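1. Dropping the sequence and predicted coords here.
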Amino acid sequence: MLLINQRPEHNQPLVPADAEALGLAGADRAEHYLRARDDHAETPLYALPALANGLGIAALHVKDEGQRLGLGSFKALGGAYAVMRLVLEEAGKRFGREVDICEINDPKLRAIAAQMTFCCATDGNHGRSVAQGAGLVGARSVIYVHAGVSAERVAAIARFGAEIVQVEGGYDQAVREVARVGAERGWKIVSNTSWRGYERIPGLVMQGYTVIVREALRHMAEPPTHVFLQAGVGGFAAALAGYMAILLGEGRPKAVVVASVEAGRPVTIAPQRSTVMAMLECAEPSLIAWRVLARVGDAFMTVDEDDAVAVMNRLARPLGNDPAIVSGESGGAGLAGLIRAAGDKGMRAALGLDATSRVLVINSEGATDAGRYTELVGAVPRELELQIA
């Protein structure tokens, strides 16, 4: 299903708070923080000319976040960045001056961080990022995981020293429990979704994601004409589409959001059967994300289980001389959306996809659950084995 955005606010400027969070100054700051990290390295941007030719487009680039900061997911940029920002802001209040990221190892600052507890709900990747960020500054983290989070992903979070709390139900139940307990205990809630009265910290998480598109655009000869962005609660898609709208203005690419959006407004949907795309399995959208995507999201579409698994296998065993890429269950959903759209005459026409189109997609995660990846993809080329291990 493809829905073209016909809301009255479509193509209107972002509201001031969102423009500030996703604008150039905020993105500059996010990169400044990132470069201060010892484990920082830009993730690769791959050209896939053989696949592009097969899809009848001019160019296809894949930004591979499966190699980000040792966490294997784009979410390494969001939660950890927000945690560090909040610690430095608290230190600034105590010191009576602005505190820079270069002071992160100052004993006085770390003593302040040690008194702070950060909490979040997670499907796996966001929790690892928050736990890693807390560990980097010497703070405590408490991560709430629901029944659908695999034992391997839970163990990966715990390795960063986080306290793990199991919650019955799904991701959205875990979000509500974090909101309740965090408020009661005075913890800092670092959520990648927002709700009424809670927007600034999710905005910081989204600000961290802008690094992805900044890196990609620096290595592209021309900006893309289209970008296909997967969405769970929507923060990732909104951050990238919003930043490109601010940076490129009328020359921004057409943003196609690959998600379950059918109502034309933010709604809570009833629990559905589980999906292999666990990182996108969310029933309630982020209010910030919806507000942004209502303005800069040009179309919304869905993909199914078979599409996701097919993309994992296609990237592992590419056409021609295209590079092989490890993509987790949710990582290739944007590419799955492109493939479906490119193969449908009506969708192609509605989106303006043709032989001149230049498309950017993001591989948002690698094999963050190696066992699950092997189950779905099987044996892979030797050059990918180390990334899975």
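-> Received the coordinates, thanks.

2. check which helix or strand covers residue 29.
-> Assigned by DSSP states H and E, residue 29 falls within helix 24-35.

3. Please tell me how far that helix is from the chain's geometric centre.
-> Chain-centre distance of helix 24-35: 17 Å, with CA atoms, centre = their mean, to the nearest Å.

4. Give me the next element, helix or strand, following the longest helix seen in the chain.
-> Scanning the chain for the longest helix, with DSSP state H as the assignment, gives helix 200-218. Sequence-wise, the next helix or strand downstream of helix 200-218 (DSSP H and E) is strand 226-230.

5. Give me the helices and strands touching that next one, please.
-> Packing partners of strand 226-230 (3 or more CB pairs under 8 Å, 6 or more residues apart in numbering; DSSP states H and E): helix 235-248, strand 254-258, helix 333-342, strand 358-363. Every residue, glycine included, has its C-beta placed from N, CA and C.

6. mind redoing it with 10 Å?
-> Contact analysis of strand 226-230 by 3 or more CB pairs under 10 Å, 6 or more residues apart in numbering; DSSP states H and E lists strand 59-64, helix 200-218, helix 235-248, strand 254-258, strand 299-301, helix 333-342, strand 358-363 as its packing neighbours.

7. and stretch 6-21, which residues are buried?
-> 14, 18, 19, 21 (16 or more other CB atoms under 10 Å).

8. Likewise for stretch 110-128?
-> The neighbour-count check on stretch 110-128 (16+ other CB under 10 Å) flags 110, 112-113, 116-128 as buried.

9. Just the ones in helices from the residues you listed, please.
-> Of the buried residues of stretch 110-128, the ones assigned to helices by DSSP H are 110, 112, 113, 125, 126, 127, 128.

10. among these, which two are most distant?
-> 112 and 125 (27.3 Å; CB to CB).

11. picking that back up, least confident of the ones in helices among the buried residues of stretch 110-128?
-> Note: of these, the lowest pLDDT belongs to residue 125, at 91.

12. Is it correct that that residue is in contact with residue 205?
-> No: Residue 125 is beyond contact range of residue 205, at 11.9 Å (criterion: CB atoms under 10 Å).

13. Can you check which residues contact both of those two?
-> Residues touching both residue 125 and residue 205 by CB atoms under 10 Å, 6 or more residues apart in numbering: 75, 78, 79, 192.
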